[in-house]
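J.: Next come a sequence and a model predicted from it.
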2 protein chains.
Amino acid sequence: MKTYLDCFPCFLSQALRASRIATSDEKRIKKVLDEIGMLLKDIPLESSPPETGRLIYRKIEEITRNPDPYRAIKEESTKKVLSLYPALKNAVKMSEDKLLTAIRISIAGNVIDLGANRAFDLENDIEDILKRNFAIFDYEPFKVKLDRSDEILFIGDNAGECVCDRILIEELGKPVTYVVRERPVINDAVHEDALQAGIHTVARIISSGTDAPGTVLDTCSSDFMDIYTKSQFIISKGQGNFEALSFEKRPIFFLLKAKCKVIADDIGVSEGDIILKSAI
Amino acid sequence: MKTYLDCFPCFLSQALRASRIATSDEKRIKKVLDEIGMLLKDIPLESSPPETGRLIYRKIEEITRNPDPYRAIKEESTKKVLSLYPALKNAVKMSEDKLLTAIRISIAGNVIDLGANRAFDLENDIEDILKRNFAIFDYEPFKVKLDRSDEILFIGDNAGECVCDRILIEELGKPVTYVVRERPVINDAVHEDALQAGIHTVARIISSGTDAPGTVLDTCSSDFMDIYTKSQFIISKGQGNFEALSFEKRPIFFLLKAKCKVIADDIGVSEGDIILKSAI
């Protein structure tokens, strides 16, 4: 996805929010805003928002000297979702279409996004997403592709959300490689978040090599790129990964909730809509 | 009022909104955002937001080459409020405390603010404000001061709102000098907006000399400063004027609705609260 004009004030809002989590020193936060302000002119509209997100969050790290401000928040959200795990598993078990329910739960986990959304109520959101109609619903091609694939590349998004992804992985019935970010950025899942969520019990965990809040391919490792280009079935979770990969002509299925108006408009859906969308 | 960290993303949002009204040329809008971004580092937290607003809106004018993007919108809002004038006059007439009802109507007019608020519903807002309790209510000192004053300096805020101010002026029962901005900035009232609202039939209209979206005294004319410093009873309408004058130790009564969280927190009230506050 390209960067829209509306993304620019949002870059600054996100920088402010993240800086406040990283430090209480107002002078440093002001310095972050100053530097992000100066950086805006170098952001081409053709770049994807996570490419800029990467620059922003690295700048915040540099100025606040806090390499992982969301560590405690991430652990807290994983714990929270783990406590819901038995109930979520039961919802899958009791449902008519177990795979679809697991997909819904995985999307619901995507509300745990501290970049785009300040506040969320996970339990309410799960309740809502279990009932809500999909705005884009490429479920048939998803099932066909799943049947024909020997393995699945599953690109994760946020910590906490990993627990919901684990529930989906458990329903896929195929070997899964689960992708996390290389370094902390916002509350995106890194290796230890996936471990805490128990992903290692159901999948192999690898890093994409990126420190962007989305799978910006130019910043990924060659090891990851090898796996990515060979993959015949890719699941991409969340906005950041969608923004980074939406132009790819690859066998990707995007699972996300459109949490901001810009992304909803880009996809052609309404804010709040849930999406299961094939890239090709 | 000082500039808070939260004002910075808002400066960029406002610049984007105003630029889009001024031009449809995406490249110019991007240039506005680039230039405002670079300007942020030079904004001290000690300055008041309208001081920065002035720089922003002049930059937008320079880049979009549109000196008065809100002209049509302003005329439309004045027309709209003029169509409500008879009903509003009747509300005053039928009320127990005519002065207070007129104050409420004048505050209700303050929702016509295209800087802080994108959308508003004037009729609903008037309805609400006629019933709502004041969060700060210095009405007794206001009445005492009014009784003892020979004339009133009334600092207007937005176009359209002028019509509501006219209703208050008609209840004050004292000679009023009504202050407008020197040059267009957002939808703030300039001379012709006050004329269209019929202010000239009830008051003398003068300009403060400023082109800021608030009465930033450093940017006002010496003629205005003469009148201002001699005034014994000043009414200041809206957020922009409050932000610019809140540190003044002068006989000012601020009439406003706290339309953003930052200003509400600064005053110590809740967002949406209405205020009649003495400066001293």
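T.: Structure's in. What do you need? Numbers count the residues shown, from 1 in each chain, chains lettered A, B, ... in the order given.
J.: you'd agree A:Glu151 is up against A:Tyr178?
T.: No: using C-beta atoms under 8 Å, A:Glu151 makes no contact with A:Tyr178, being 11.5 Å away. Heads up, the C-betas are built off the backbone N, CA and C, glycines and all.
J.: Same drill for these two, tell me which one is more crowded.
T.: Comparing A:Glu151 with A:Tyr178 by other C-beta atoms under 10 Å in any protein chain shown, the one with more neighbours is A:Tyr178, at 25 against 17.
J.: Assumed that one was part of a strand.
T.: Yes: under DSSP: H, G, I helix; E, B strand; the rest coil, A:Tyr178 falls within a strand.
J.: what's the nearest residue to A:Glu13 if we skip its chain neighbours?
T.: One thing to correct before we go on: residue A:13 is Ser, not Glu. Leaving aside its chain neighbours, A:Ser13 sits nearest to B:Pro9 (4.1 Å; criterion: C-beta to C-beta, 6 or more residues apart in numbering or on different chains).
J.: Quick check, pLDDT for the one you found.
T.: You'll see B:Pro9 listed with a pLDDT of 96.
J.: now it: how far from A:Met225?
T.: Taking C-beta to C-beta, to the nearest Å as the measure, B:Pro9 falls 35 Å from A:Met225.
J.: the more surrounded of these two?
T.: A count of neighbours by other C-beta under 10 Å puts B:Pro9 above the other of B:Pro9 and A:Met225, at 22 against 14.
J.: which helices and strands sit right next to the helix or strand harbouring the more buried one?
T.: B:Pro9 is located in helix B:7-22, with elements delineated by DSSP states H and E. On a contact count with 3 or more C-beta pairs under 8 Å, 6 or more residues apart in numbering or on different chains; DSSP states H and E, helix B:7-22 meets helix A:7-22, helix B:26-39, helix B:49-64.
J.: Kindly recompute the last result at 10 Å.
T.: Judged by 3 or more C-beta pairs under 10 Å, 6 or more residues apart in numbering or on different chains; DSSP states H and E, helix B:7-22 is in contact with helix A:7-22, helix A:26-39, helix B:26-39, helix B:49-64, helix B:261-267.
J.: By mean pLDDT, flag the weakest helix or strand of chain A.
T.: Lowest on mean pLDDT, DSSP states H and E among the helices and strands of chain A sits helix A:122-131, with a mean of 81.
J.: ok, which residues in chain A are in contact with chain B?
T.: Where chain A comes near chain B, counting by C-beta under 10 Å from any C-beta of the partner chain, the residues are A:3-17, A:19-20, A:26-27, A:29-45.
J.: which of these are buried?
T.: The neighbour count (16 or more other C-beta atoms under 10 Å in any protein chain shown) marks A:3-5, A:7-17, A:19-20, A:29-40, A:43 as buried among these.
J.: and the helix or strand following the least confident helix or strand of chain A, which strands flank it?
T.: Next helix or strand after helix A:122-131 toward the C-terminus (DSSP H and E): strand A:134-137. The strands that strand A:134-137 pairs with in its sheet are strand A:274-278 (parallel) (by DSSP bridges).
J.: List the buried residues for the partner strand?
T.: Buried residues in strand A:274-278, counted by 16+ other C-beta under 10 Å: A:Ile274, A:Ile275, A:Leu276, A:Lys277.
J.: in terms of contact, does the last one touch A:Leu255 like I think?
T.: If I follow you right, that is A:Lys277. Yes: if you go by C-beta atoms under 10 Å, A:Lys277 and A:Leu255 touch, sitting 8.2 Å apart.
J.: list the residues that contact both of those two?
T.: Residues within reach of A:Lys277 and of A:Leu255 at once, by C-beta atoms under 10 Å, 6 or more residues apart in numbering or on different chains, are A:Phe142, A:Ser236, A:Phe242.
J.: In ChimeraX, select just the buried ones from those.
T.: In ChimeraX syntax, the buried subset of those is picked out as below (16+ other C-beta under 10 Å):
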select /A:142,236,242
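J.: Make a markdown table from the shared contacts of A:Lys277 and A:Leu255 and add distance to A:Glu76 and pLDDT to it.
T.: A markdown table is the format used below for the shared contacts of A:Lys277 and A:Leu255 (distance: C-beta to C-beta, whole Å; pLDDT from 0 to 100):
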| residue | distance to A:Glu76 | pLDDT |
| --- | --- | --- |
| A:Phe142 | 32 | 98 |
| A:Ser236 | 25 | 98 |
| A:Phe242 | 26 | 98 |
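J.: on that earlier part again, who touches the least confident helix or strand of chain A?
T.: By C-beta under 10 Å, 6+ apart, the residues outside helix A:122-131 that reach it are A:77, A:80-81, A:84, A:87-88, A:91, A:95, A:100-101, A:103-112, A:117, A:121, A:132, A:160-161, A:164, A:257, A:272, A:274.
J.: again, 7 Å this time
T.: Helix A:122-131 has contacts (C-beta atoms under 7 Å, 6 or more residues apart in numbering or on different chains) with A:Lys80, A:Val81, A:Ala91, A:Thr101, A:Arg104, A:Ile105, A:Ile107, A:Ala108, A:Val111, A:Ile112, A:Ile274.
J.: Out of those, which one has the weakest pLDDT?
T.: Lowest confidence among the contacts of helix A:122-131: A:Ile112, with 73.
J.: For the closest residue to that residue other than its chain neighbours, give me its contacts.
T.: Spatially, and ignoring its direct neighbours in sequence, A:Ile112 is nearest to A:Gly160 (4.1 Å; C-beta to C-beta, 6+ apart). By C-beta under 7 Å, 6+ apart, the contact list for A:Gly160 reads A:Lys74, A:Ser77, A:Thr78, A:Lys80, A:Val81, A:Gly109, A:Ile112.
J.: A:Leu55 and A:Leu39 touch, don't they?
T.: Yes: counting by C-beta atoms under 7 Å, A:Leu55 does reach A:Leu39; the two are 6.2 Å apart.
J.: picking up where we left off before, verify the contact between the residue nearest to A:Ser13 and A:Phe11 for me.
T.: No: using C-beta under 7 Å, B:Pro9 makes no contact with A:Phe11, being 8.4 Å away.
J.: how's chain A carved up into domains?
T.: Domain ranges of chain A: A:7-64, A:76-278, per automatic domain parsing.
J.: would JSON lines of these with distance to B:Val185 be doable?
T.: Output for the domains of chain A, formatted as JSON lines (distance: least, C-beta to C-beta, whole Å):
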{"stretch": "domain A:7-64", "distance to B:Val185": "19"}
{"stretch": "domain A:76-278", "distance to B:Val185": "27"}
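J.: Skip the chain neighbours and tell me the closest residue to the residue most central in space within chain A.
T.: Note on chain A: the residue nearest the mean C-alpha position is A:Asp157, at 2.6 Å, using C-alpha atoms, centre = their mean. Distances taken as C-beta to C-beta, 6+ apart put A:Gly238 closest to A:Asp157, at 3.2 Å, once the chain neighbours are dropped.
J.: Over to A:Tyr178?
T.: Sequence neighbours aside, A:Ala203 is the residue nearest to A:Tyr178 in space, at 4.2 Å (criterion: C-beta to C-beta, 6+ apart).
J.: ok, the one you found - how many residues close by?
T.: Using other C-beta under 10 Å, A:Ala203 is surrounded by 23 other residues.
J.: wait, what's in contact with it?
T.: By C-beta under 7 Å, 6+ apart, A:Ala203 lies in contact with A:Phe154, A:Ile169, A:Val176, A:Thr177, A:Tyr178.
J.: Tell me the spacing between the fourth one and A:Ile267.
T.: For A:Thr177, the distance to A:Ile267 (C-beta to C-beta) stands at 26 Å.
J.: How about A:Leu168: what's its closest non-neighbour residue?
T.: Using C-beta to C-beta, 6+ apart, the nearest residue to A:Leu168 is A:Ser106, at 3.9 Å.
J.: Phi first, then psi, for the residue nearest to A:Tyr178.
T.: Dihedral pair for A:Ala203: phi -160, psi 170, per degrees, to the nearest 10.
J.: Just the pLDDT at it, thanks.
T.: Note for A:Ala203: predicted pLDDT of 98.
J.: Could you tell me the angle between the helix or strand harbouring A:Phe253 and helix A:122-131?
T.: For A:Phe253, the enclosing helix or strand under DSSP H and E is strand A:252-257. Here the directions of strand A:252-257 and helix A:122-131 differ by 130 degrees (axes from the mean of the first three to the mean of the last three C-alpha atoms, to 10 degrees).
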